[in-house]
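[1] Requesting a structural model of the entry that follows:
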Amino acid sequence: MIDFRSDTVTKPSKEMFEAIVNARVGDDEYSEDPEVNELQEYCASLFGMEAGLFVTSGQMGNQLAISVLTNPGDEIVCSEGAHILNYEKAAAAQLSGVQIRPIPTNDGMFSKDIIEDIIERSKYHLPKISLLSWENTHLSSGGSILDHDMFVSISEYAKEKELGVHVDGARIWHSILEHNINPKEVGKVIDSLTFCFSKGLGAPVGSMLLGNKDFISKARELRKVRGGGMRQVGVLAAAAKYALDTKEKLIDDHSKANQIASYFINNSYPGIDEVVYKGTNMVFLFFDTEKNTDIFIDNLKDEGFQVATITPKVVRIVTHLDINEEDLVRFISILEKL
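    Residues are numbered from 1 along each chain as shown. Sure, this is the predicted structure:
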């Protein structure tokens with residue numbers, strides 16, 4: 001079965017397994033695992049930030065950042081489609097005692113006017129806004145890339161107003177590589193950032209949380225509170241480092257997704273009302289009825305392909321390193337026959 005459901009379904013390569021087998025290990029609870037320590041330092045240096053913390057998942061990284069940068073009763077501003085709002089089981093409320101204010105965005109990009117208005121009104125009636133949270137790339141709008149100049153401008157404004165700035169950068173390397181952005185240009189205007197090693201990069205597990213030394217010290221304590229401390233975890237850090245060193249392959253995934261999107265855009269397909277492709281590794285198909293959605297999915301499954309259902313009338317196709325050129329050619333040829 002060729003799996004287009006997500007870029008989280010990838011399997012470690014032979015070379016990654018070799019890195020795992022050859023990993024040096026120590027007890028990370030004592031900060032003595034050399035692979036983990038080197039990975040944390042390396043990732044922090046890439047973004048020009050002071051320190052890093054290897055965590056089990058992007059959600060853990062996001063929630064640690066929220067807890068460190070807010071107080072109970074505070075409010076977080078994020079996009080209405082944000083992962084921290086829609087796909088993290090209300091963890092911000094459960095773990096940090098904060099509420100989230102979702103605001104409309106254009107592909108995940110905030111309007112400065114809206115941010116200014118919310119900050120002004122929070123002085124009198126709303127909860128204290130203590131954190132602005134970005135998501136780049138922005139999953140719910142099709143894997144869109146934030147406009148870098150606007151991101152910098154609004155982040156700087158938020159910091160002037162004494163708000164913390166966090167980036168849920170689960171797939172941020174798609175943005176950085178596609179637009180040739182220096183990661184340090186991101187790191188200099190934010191307080192914290194997470195990115196995943198298992199989404200597109202190909203590692204089996206793990207995410208990195210970045211911030212200044214004081215932030216990471218507090219996050220490390222909270223990681224322990226939440227059961228996230230690990231021991232000889234260098235085997236995972238070695239896989240993560242290998243994945244990061246081969247990150248340029250993400251551009252190939254963009255090309256694959258572009259070919260799929262181009263097929264649907266240039267060919268009328270029964271039941272599809274809209275095709276959304278934002279230049280990364282995801283294609284969203286909006287169907288006119290649930291029945292046509294189900295027919296499309298079942299027909300593909302019969303031919304050996306899996307895709308994801310996001311809503312009863314929305315299908316997501318995600319390209320990744322385990323989808324090769326032969327798979328892509330066969331997939332498009334099957335579409336022509338359906």
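[2] How many residues are close by residue 156?
    Number of residues near residue 156 (other CB atoms under 10 Å) recorded here: 14. For every residue, glycine as well, the C-beta is placed using N, CA and C.
[3] Tell me which helix or strand comes right after the helix or strand where it lies.
    Taking DSSP states H and E as the definition, residue 156 sits inside helix 148-160. Toward the C-terminal end, the helix or strand that comes next after helix 148-160 (DSSP H and E) is strand 164-168.
[4] mind checking how far that following strand is from the chain centre?
    On the basis of CA atoms, centre = their mean, to the nearest Å, strand 164-168 is displaced by 13 Å from the centre of the chain it belongs to.
[5] Could you export the helix or strand just after it as PDB, CA atoms only?
    Going down the chain from strand 164-168, the next helix or strand is helix 172-178, by DSSP H and E. Backbone C-alpha positions of helix 172-178 (Å, rounded to 0.1, in the frame of the first residue of the first chain) are rendered in PDB as follows:
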ATOM      1  CA  ILE A 172       9.200  24.900   9.300                       C
ATOM      2  CA  TRP A 173      12.000  23.400   7.200                       C
ATOM      3  CA  HIS A 174       9.600  23.400   4.200                       C
ATOM      4  CA  SER A 175       9.300  27.100   4.500                       C
ATOM      5  CA  ILE A 176      13.000  27.700   5.100                       C
ATOM      6  CA  LEU A 177      14.100  25.600   2.200                       C
ATOM      7  CA  GLU A 178      11.400  26.700  -0.300                       C
END
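[6] elements contacting helix 172-178?
    Applying 3 or more CB pairs under 8 Å, 6 or more residues apart in numbering; DSSP states H and E, one finds that helix 172-178 makes contact with helix 183-187, strand 192-196, helix 250-266.
[7] buried residues in the first one?
    Neighbour-count burial for helix 183-187, with 16 or more other CB atoms under 10 Å as criterion, is recorded at 183, 186, 187.
[8] what's the average pLDDT for it?
    Mean pLDDT, computed over helix 183-187, is 98.
[9] what's the answer for stretch 285-295, then?
    Per-residue pLDDT values over stretch 285-295 give a mean of 97.
[10] Pull it out as CSV, backbone CA atoms only.
    The C-alpha coordinates for stretch 285-295 follow below in CSV (Å, rounded to 0.1, in the frame of the first residue of the first chain):
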residue,chain,number,x,y,z
LEU,A,285,-9.2,18.2,-2.6
PHE,A,286,-12.6,19.6,-1.8
PHE,A,287,-15.5,17.4,-2.9
ASP,A,288,-19.1,18.4,-3.6
THR,A,289,-20.6,15.5,-1.6
GLU,A,290,-19.5,12.9,1.0
LYS,A,291,-20.5,10.1,-1.4
ASN,A,292,-18.0,11.3,-4.0
THR,A,293,-15.3,11.6,-1.4
ASP,A,294,-15.9,8.0,-0.3
ILE,A,295,-15.9,6.7,-3.9
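[11] Tell me the buried residues in that stretch?
    Taking 16+ other CB under 10 Å as the neighbour-count basis, stretch 285-295 is seen to contain the buried residues 285, 286, 287, 292, 293.
[12] In strands, which of the residues you listed fall?
    Helix and strand membership here follows DSSP state E; of the buried residues of stretch 285-295, those in strands are 285, 286, 287.
[13] distance between the worst-scoring helix or strand of the chain on mean pLDDT and the chain's centre?
    Counting by mean pLDDT, DSSP states H and E, the chain has its least confident helix or strand at helix 112-121, which shows a mean of 87. In terms of CA atoms, centre = their mean, the centre of helix 112-121 is found 26 Å from the chain centre.
[14] Can you get me a residue count around residue 73?
    Residue 73 - counted by other CB under 10 Å - has 12 other residues nearby.
[15] so it sits right up against residue 97, yeah?
    Yes - counting by CB atoms under 8 Å, residue 73 does reach residue 97; the two are 6.5 Å apart.
[16] in this structure, which spans are strands?
    When secondary structure is read from DSSP E, the chain shows strands at 2-3, 51-55, 75-79, 99-103, 129-135, 164-168, 192-196, 207-211, 272-277, 282-287, 305-306, 308-311, 314-318.
[17] got those strands as TSV, with distance to residue 222 columns?
    As requested, the strands of the chain are exported to TSV (distance: least, CB to CB, whole Å):
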stretch	distance to residue 222
strand 2-3	34
strand 51-55	10
strand 75-79	16
strand 99-103	19
strand 129-135	15
strand 164-168	14
strand 192-196	12
strand 207-211	10
strand 272-277	37
strand 282-287	32
strand 305-306	37
strand 308-311	31
strand 314-318	31
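[18] Residue 147: which of those strands is closest?
    Nearest of the strands of the chain to residue 147, taken as CB to CB: strand 129-135 at 11.3 Å.
[19] Packing partners of the closest one?
    Counting by 3+ CB pairs under 8 Å, 6+ apart, strand 129-135 packs on helix 58-69, strand 75-79, helix 83-86, helix 112-121, helix 148-160, strand 164-168.
[20] For residue 32, which non-adjacent residue is spatially closest?
    The spatially closest residue to residue 32, leaving aside those adjacent along the chain, is residue 26, at 3.7 Å (CB to CB, 6 or more residues apart in numbering).
[21] Per-residue pLDDT of the one you found, please?
    Per-residue confidence at residue 26 stands at 97 (pLDDT).
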